[in-house]
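In: task: produce atomic coordinates for the following.
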Amino acid sequence: MLMIEFGNPTVQIEEAVIRPTPLPDRQGGALRRRVTVLGEWTLTIEQCQWGIEAEGSPLADSESPDDTMSCALDVLEGQALESVRVQRKTGATDFEFDLGTALLIRPYESGTERKRPEELWTLRSPDGQYLAVRDDGTYSRNDADASPDDYLWLVLPT
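Out: Here you go, the predicted model:
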């Protein structure tokens with residue numbers, strides 16, 4: 001799973017609690033406060049293959065080592081999203097950014113018939129709506145508190 005935050009940031013600061021720590025002399029943990037930076041928009045990518053390219057050259061993909069993925073994601077930091085293209089039949093999606101970087105999302109290639117379609121990505125908007133795109137060329141837009149069983153899946157427009 002990959003999550004990317006876009007837009008103006010907000011900071012969430014939790015209350016301090018005792019949390020485990022890797023320090024050997026602090027076996028019981030240490031008092032720590034979790035701080036999280038969230039964007040207005042959250043893109044969540046799962047159940048698919050993805051890759052990041054800079055000016056057409058691959059930087060990393062969903063099979064890369066963690067440190068390679070981290071470096072490629074750092075390249076995306078601070079870039080503005082310019083365009084999104086979704087392929088109608090497969091949901092394959094290209095997110096293109098202003099400094100020449102692209103995030104490419106593709107369905108898993110499978111030699112066997114699946115029982116149900118998979119969500120490739122979801123986008124949480126500032127108003128709490130979720131847009132989801134599946135590998136069968138359908139999409140759904142729902143409130144954050146909607147049950148996935150209640151989603152209405154529509155064919156992607158041409």
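In: confirm residue 94 sits in a strand?
Out: Yes. Using DSSP: H, G, I helix; E, B strand; the rest coil, the assignment for residue 94 is a strand.
In: what number of residues lie near the closest residue to residue 97 other than its chain neighbours?
Out: By the measure of Cβ to Cβ, 6 or more residues apart in numbering, the closest residue to residue 97 outside its immediate chain neighbours is residue 79, 3.9 Å from it. Where you see a C-beta, it was placed from the backbone N, CA and C, and this is true even at glycine. Neighbourhood size, residue 79 [other Cβ atoms under 10 Å]: 15.
In: got it, and residue 120?
Out: For residue 120, using other Cβ under 10 Å, the count is 27.
In: quick one: contacts for it?
Out: 45-48, 91-93, 105, 107, 133-135 (Cβ atoms under 8 Å, 6 or more residues apart in numbering).
In: circling back to that earlier point, host element of the residue nearest to residue 97?
Out: Of the helices and strands defined by DSSP states H and E, none includes residue 79.
In: against which helices or strands is the one helix or strand in the chain whose mean pLDDT sits lowest packed?
Out: One helix or strand of the chain scores below all others by mean pLDDT, DSSP states H and E: strand 30-32, with a mean of 81. Applying 3 or more Cβ pairs under 8 Å, 6 or more residues apart in numbering; DSSP states H and E, we find strand 30-32 packed against strand 17-19.
In: now the strand it packs on: average pLDDT?
Out: For strand 17-19, mean pLDDT rounds to 83.
In: look up phi and psi at residue 72.
Out: Dihedral pair for residue 72: phi -70, psi -40, per degrees, to the nearest 10.
In: mind listing what it touches?
Out: 52, 59-60, 64.
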